[in-house]
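> The amino acid sequence is not available; the structure is as follows:
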């Protein structure tokens with residue numbers, strides 16, 4: 001699944017040179033994959049201290065630690081002060097129910113959402129590619145930009 005997602009992102013020119021946000025980082029696998037495919041920098045956000053230690057070990061083992069920033073806290077806390085990203089990777093626990101607030105507060109050009117159910121991404125996002133992989137739905141979407149008069 002990860003290879004298919006990143007192949008699609010590469011075809012959209014969304015990875016090379018990108019600033020990446022791996023929100024709900026877990027082990028950091030998604031952000032590390034982005035870095036291995038040419039992203040310039042990845043910010044990993046994970047609330048669990050043990051998981052952050054795993055991310056740290058994984059970025060070191062993958063040889064991408066200098067292009068990684070690991071941040072503690074919740075996704076919601078991080079987004080209050082976060083800047084813009086080219087690509088955001090969103091793989092929260094399936095029980096996560098804060099999608100509307102998360103997606104309205106996220107500043108990214110392209111997002112990848114992993115979930116176990118259909119989601120309304122809201123008016124800010126245009127779905128580019130939805131695909132089911134067994135019980136997991138992966139949606140790639142682009143930010144819609146509203147022209148100002």
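Looks like it came in fine. Bear in mind the structure is a predicted one, so any value in this text is a computation, not a measurement.
> Which positions in the lengthiest helix in the chain come out as buried?
Looking across the chain with DSSP state H, the single longest helix is helix 49-61. Along helix 49-61, these residues count as buried under the neighbour rule (16 or more other Cβ atoms under 10 Å): 51, 52, 55, 58, 59. Using the backbone N, CA and C atoms, a C-beta is placed for each residue, glycine as well.
> okay, the angle between the helix or strand that that helix is followed by and helix 49-61?
For helix 49-61, the succeeding helix or strand toward the C-terminus, using DSSP states H and E, is strand 68-72. Taking axes from the mean of the first three to the mean of the last three Cα atoms, to 10 degrees, one finds that strand 68-72 is oriented at 180 degrees with respect to helix 49-61.
> Run through who's touching strand 68-72.
The contact list for strand 68-72, computed with Cβ atoms under 8 Å, 6 or more residues apart in numbering, reads 25, 28, 31, 35, 41-47, 49, 52, 55-56, 59, 78.
> Now do the strands in this protein.
For the chain, the strands defined by DSSP state E cover 19-23, 41-46, 68-72, 85-90, 108-115, 125-133, 136-143.
> Could I get the buried residues of helix 49-61 in CSV, plus columns for pLDDT?
Listed next are the buried residues of helix 49-61 as CSV, based on pLDDT from 0 to 100:
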residue, pLDDT
51, 97
52, 97
55, 98
58, 98
59, 98
